[in-house]
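Chemist: Build me a structure from this.
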Amino acid sequence: MRRPRLGIRSRLLVAVMGAVAVALVVTVVALNLLLQQRLSASATSLAKAQAEAQLGSLDVRDGRLVTPDRPDDRAVGSQVWVFAGPRLIERPAVPRSLDAPVRAMAGGPERSRNVGDRARLYALPVVRDGRRYGTVVSAVSLDPYEESETAAVVGSIVLAVVLLGAIFVASRWMLGRALLPVSTMTDDAASWSEHDLDRRFDLGEPYDELTRLASTLDGLLERIAASLRHEQRFTAEVSHELRTPLARISGEAELMLRRERTPGEYRAALEAIQRNARQMTGTVDGLVAAARREAGLTRGTSDAREAVRAAVEHAAGRNGKAHLTLPQEPIRVAADRELVERMVQPLVDNAIRYGRTRVDVSVARSGSAALVQVDDDGPGVADEEGDAIFDPGVRGTAAGDSGNGAGLGLALARRIARSAGGEVTVTPSPDGGRFTLRLPVAR
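Modeler: Take a look at the predicted model:
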């Protein structure tokens, strides 16, 4: 999609001026057409009035049409022709170029016509007692009307141009003033997101477009700040937890190199190194899997039964109290098998660590989701710890003072599940732990 080169203020200004220009053109054209019609009607009315005035002064004597012999009727301003039949009996003192079109109207019906752009003619029959005796034709010069029409066109165009310029200046100023807060808020939000995530606009309850924008930007900044704080905390916790097994591995290796040991001591040291290396590997693999999923690098599918079975078998290698219940039909989920294992493994390990005698793992389908449920008969999870135990480095009260576990397993499980569109939840209860992994079914 091609991006517009103009800014929003320029685009709004173009739209406003375009609409105003169209409106002015339509208005100017409509007014001039209306004025033209009114001037034309006025010329016709004047010509008819002159003809009617002359008609009223005519008389019929002995069957002949007679004009009054009055000097006033032959004034220079009078433009009336009187015909007795086809014979011209009265003619005004005007150029003879009008005689031909005037004579063509004699004997015809009441009507009007133009002689080029010079004059408007109006013919009026002379009728007495139902008998026609002649025709009166009057003429009105169109020059004054043409001048008025031209002046009106020029004046309206000049006025429209002046109005368009004034509206352009006013619109540009008003749009600049109206959009200035938006530009200021955008610049402030960009600056705060880089340097001070705790700053907010705080304009109160939204009541117009600007306050809604401010509220939206405040929410965006809050989410950015929360996400950044979470990532910073997560990174710090991971760094701390990776440093601990690294220090143990380094210490064991240093002790092994410092003095000779018995084969049993060497074996114990190597097992400690292996255990710490496995802990580091699990943490790093979990982080990599979540990062790859969030970046969109993995978008596979797998059978949830196989992934859960692999996770339980891995845990059963160290403790055989996990019991697995699987459906007969495959349940394909929208995540790779390795990714599903990374979600389920911490839940099973956690249940085995705290369960007293049993751990039950089941897989089932519920609508458009696959549910993996892990139950144990351990001390359970308190109500106030329902969300806290999923934070990096946080361990529930059931862990006591035990040094087992880094406090990252549940946090990684939830993070990976969310990256795949799923969720990990816990049901708080003092009678045992119940963790549920929900994943979308593959389509």
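
Chemist: Show me the shaky parts of the stretch 251-400 of the chain.
Modeler: 279, 282-283, 286-299, 316-320, 392-393, 395-400 (pLDDT under 70).

Chemist: Tell me where it has helices.
Modeler: Taking DSSP state H, counting those that start in this stretch as the test, the helices found in the stretch 251-400 of the chain are 263-294, 304-316, 337-354.

Chemist: Just send the ones you listed back as CSV, with mean neighbour count too.
Modeler: In short, each C-beta sits where N, CA and C put it, glycine included. As requested, these are arranged in CSV below (neighbours: other Cβ atoms under 10 Å):
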stretch, mean neighbour count
helix 263-294, 15
helix 304-316, 20
helix 337-354, 24
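
Chemist: From what I see, D383 and P428 are in contact.
Modeler: Yes. Applying Cβ atoms under 8 Å, one finds D383 in contact with P428, separated by 4.6 Å.

Chemist: re the thing from before, kindly reformat the helices of the stretch 251-400 of the chain as a markdown table and extend each row with distance to S227.
Modeler: What follows is the helices of the stretch 251-400 of the chain, written out as a markdown table (distance: least, Cβ to Cβ, whole Å):
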| stretch | distance to S227 |
| --- | --- |
| helix 263-294 | 12 |
| helix 304-316 | 29 |
| helix 337-354 | 21 |
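
Chemist: just the strands in the protein please.
Modeler: With DSSP state E as the criterion, the chain has strands at 59-61, 64-66, 80-84, 87-90, 111-115, 119-128, 131-141, 302-303, 322-325, 332-333, 359-366, 369-376, 423-426, 434-440.

Chemist: ok now the second one, how far from the chain's centre?
Modeler: What separates the centre of strand 64-66 from the centre of its chain is 85 Å, taken as Cα atoms, centre = their mean, to the nearest Å.

Chemist: ditto for the longest one
Modeler: Per Cα atoms, centre = their mean, the displacement of strand 131-141 from the mean C-alpha position of its chain is 71 Å.

Chemist: Which strands and helices lie in contact with it?
Modeler: Where contact means 3 or more Cβ pairs under 8 Å, 6 or more residues apart in numbering; DSSP states H and E, strand 131-141 is packed against helix 8-57, strand 64-66, strand 80-84, helix 99-105, strand 119-128.

Chemist: picking that back up, is it possible to get a markdown table of the strands of the chain that adds mean neighbour count and distance to W173?
Modeler: Output for the strands of the chain, formatted as a markdown table (neighbours: other Cβ atoms under 10 Å; distance: least, Cβ to Cβ, whole Å):
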| stretch | mean neighbour count | distance to W173 |
| --- | --- | --- |
| strand 59-61 | 11 | 73 |
| strand 64-66 | 16 | 73 |
| strand 80-84 | 24 | 60 |
| strand 87-90 | 15 | 67 |
| strand 111-115 | 15 | 50 |
| strand 119-128 | 20 | 49 |
| strand 131-141 | 21 | 49 |
| strand 302-303 | 20 | 62 |
| strand 322-325 | 16 | 73 |
| strand 332-333 | 23 | 59 |
| strand 359-366 | 19 | 61 |
| strand 369-376 | 22 | 57 |
| strand 423-426 | 19 | 53 |
| strand 434-440 | 20 | 53 |
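
Chemist: So which of the ones you listed is nearest M17?
Modeler: Counting by Cβ to Cβ, M17 lies closest to strand 111-115 out of these; the figure is 39.8 Å.

Chemist: returning to what we had before: who wins for proximity to V424 among the helices of the stretch 251-400 of the chain?
Modeler: Shortest separation from V424 across the helices of the stretch 251-400 of the chain is recorded for helix 337-354, at 7.0 Å, computed as Cβ to Cβ.

Chemist: Alpha carbons only: can I get stretch 434-443 in CSV?
Modeler: What follows is stretch 434-443 as a C-alpha-only set of coordinates in CSV (Å, rounded to 0.1, in the frame of the first residue of the first chain):
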residue,chain,number,x,y,z
ARG,A,434,-3.9,-28.7,40.5
PHE,A,435,-2.3,-27.0,37.5
THR,A,436,-4.0,-26.8,34.1
LEU,A,437,-2.4,-26.2,30.7
ARG,A,438,-4.7,-25.0,28.0
LEU,A,439,-3.6,-25.0,24.4
PRO,A,440,-5.4,-24.2,21.2
VAL,A,441,-6.3,-27.1,19.0
ALA,A,442,-4.6,-27.1,15.5
ARG,A,443,-6.9,-26.3,12.6
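
Chemist: average pLDDT across the top helix by length along the chain?
Modeler: Determined from DSSP state H, the single longest helix within the chain is helix 143-195. When pLDDT is averaged over helix 143-195, the result is 85.

Chemist: What is the distance between that helix and the centre of its chain?
Modeler: In terms of Cα atoms, centre = their mean, the gap separating the centre of helix 143-195 from the centre of its chain is 25 Å.

Chemist: Measure how that helix sits relative to strand 119-128, angle-wise.
Modeler: Compare the direction of helix 143-195 with that of strand 119-128 by axes from the mean of the first three to the mean of the last three Cα atoms, to 10 degrees and you get 130 degrees.

Chemist: what angle do helix 143-195 and helix 8-57 make?
Modeler: Using the same axes, to 10 degrees, helix 143-195 lies at 170 degrees relative to helix 8-57.

Chemist: on contacts alone, who are the packing partners of helix 143-195?
Modeler: Right, helix 143-195 is packed against helix 8-57, helix 209-258 by 3+ Cβ pairs under 8 Å, 6+ apart.

Chemist: between the first one and strand 80-84, how many degrees?
Modeler: If you take the same axes, to 10 degrees, helix 8-57 sits at 40 degrees to strand 80-84.

Chemist: now for the helices and strands packed on helix 143-195, which one comes closest to L159?
Modeler: Comparing the helices and strands packed on helix 143-195 under Cβ to Cβ, the one sitting nearest is helix 8-57, at 8.2 Å.

Chemist: Report the outermost residue of this protein with respect to its centre.
Modeler: Centroid-distance maximum for the chain: D62 at 90.6 Å, with Cα atoms, centre = their mean.

Chemist: residues near A106, how many?
Modeler: By the criterion of other Cβ atoms under 10 Å, A106 has 20 neighbours.

Chemist: now swap in D208 and tell me
Modeler: Residues lying near D208 (other Cβ under 10 Å) number 9.

Chemist: Kind regards, and thank you for your time.
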